[in-house]
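[1] Okay, predicted coordinates and the sequence, questions at the end:
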Amino acid sequence: MCHEWWVQRRRTEEAEASRRMWDEFERTRPLSAPEVTEEEPEVTLEKPKPARLVTRD
């Protein structure tokens, strides 16, 4: 019985927290779209330097 009470209380608390979160979400306004569009930076891949092989005589 104690477990059932705790589970019910937990569900009630989670439902209340969820309701508060949605209420806050509904009160917010979306940001306006920016006037300036951002261009994607040009990506340049570097070529690896050739490895020097060292030989032992």
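    Looks like it came in fine.

[2] Check the burial of Val42 by counting its neighbours.
    For the record, residue 42 is Glu, not Val. When neighbours are counted by other Cβ atoms under 10 Å, Glu42 registers 5. For the C-beta atoms, the positions are set from N, CA and C on the backbone; glycine is no exception.

[3] Find the centremost residue of this structure, please.
    With distances taken as Cα atoms, centre = their mean, Phe25 lies nearest the centre of the chain, 17.0 Å away.

[4] Where does that residue sit, in terms of helix or strand?
    Per DSSP states H and E, Phe25 falls inside helix 2-27.

[5] Next, Thr44: secondary structure please.
    With DSSP: H, G, I helix; E, B strand; the rest coil as the basis, Thr44 sits in coil.

[6] element containing Pro41?
    Using DSSP H and E, Pro41 falls within no helix or strand.

[7] what's the neighbour count on it?
    By other Cβ under 10 Å, 6 other residues sit near Pro41.

[8] And it, how close does it get to Lys47?
    Taking Cβ to Cβ, to the nearest Å as the measure, Pro41 falls 19 Å from Lys47.
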